[in-house]
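*Asks:* Sharing a sequence plus its predicted fold:
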Amino acid sequence: MTWSRYGTSKLAALGVAEALFKELETAGKADHVQMVTLCPGIVNTALRESSTQVTNGKVSEQATAAVMRTYNPQLTTRRVRSAL
């Protein structure tokens with residue numbers, strides 16, 4: 001998996017949330033809105049199959065090992081919903 005893309009997308013999500021909060025704060029509206037930025041770690045989704053670690057339909061050992069340390073998407077969704 002190309003981890004630089006993964007990390008960059010997480011940083012972008014945080015940046016957008018922070019920029020939006022600053023805009024709301026400047027407009028005097030920050031106390032009217034609550035925001036949560038969620039970065040749960042690596043969730044086992046189809047992203048793995050679309051990575052550069054796939055050659056001829058076979059996922060590399062490195063990518064497979066990384067998935068072993070991932071979160072289940074359904075469990076992640078349930079935990080996020082219950083926390084909110």
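*Replies:* Okay, I see it.
*Asks:* Tell me where this structure is predicted with low confidence.
*Replies:* Across the chain, the ranges flagged by pLDDT under 70 are 1-3, 40-44, 46-70.
*Asks:* Just to be sure, Ser9 is in a strand?
*Replies:* No: assessed with DSSP: H, G, I helix; E, B strand; the rest coil, Ser9 is helix; it does not lie in a strand.
*Asks:* Can I get stretch 8-18 as PDB, trimmed to CA atoms?
*Replies:* Provided in PDB are the C-alpha atoms of stretch 8-18 (Å, rounded to 0.1, in the frame of the first residue of the first chain):
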ATOM      1  CA  THR A   8      -1.700  12.600   3.100                       C
ATOM      2  CA  SER A   9      -5.400  12.000   3.000                       C
ATOM      3  CA  LYS A  10      -5.700  11.800   6.800                       C
ATOM      4  CA  LEU A  11      -3.700  15.100   7.000                       C
ATOM      5  CA  ALA A  12      -6.000  16.700   4.400                       C
ATOM      6  CA  ALA A  13      -9.100  15.700   6.400                       C
ATOM      7  CA  LEU A  14      -7.700  17.200   9.500                       C
ATOM      8  CA  GLY A  15      -6.700  20.400   7.600                       C
ATOM      9  CA  VAL A  16     -10.100  20.800   6.100                       C
ATOM     10  CA  ALA A  17     -11.800  20.400   9.500                       C
ATOM     11  CA  GLU A  18      -9.400  22.800  11.200                       C
END
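*Asks:* where do the strands sit along the protein?
*Replies:* Ranges of strands within the chain are 54-55, 58-59, based on DSSP state E.
*Asks:* ok, for Cys39, nearest residue in space, not its chain neighbours?
*Replies:* Nearest residue to Cys39, sequence neighbours excluded (C-beta to C-beta, 6 or more residues apart in numbering): Lys10, at 5.2 Å. All C-beta atoms are positioned from the backbone trio N, CA, C, and that covers glycine.
*Asks:* if I look at the one you found, how far off is Val80?
*Replies:* 15 Å (C-beta to C-beta, to the nearest Å).
*Asks:* Likewise for Thr26?
*Replies:* Applying C-beta to C-beta, the value for Thr26 to Val80 is 29 Å.
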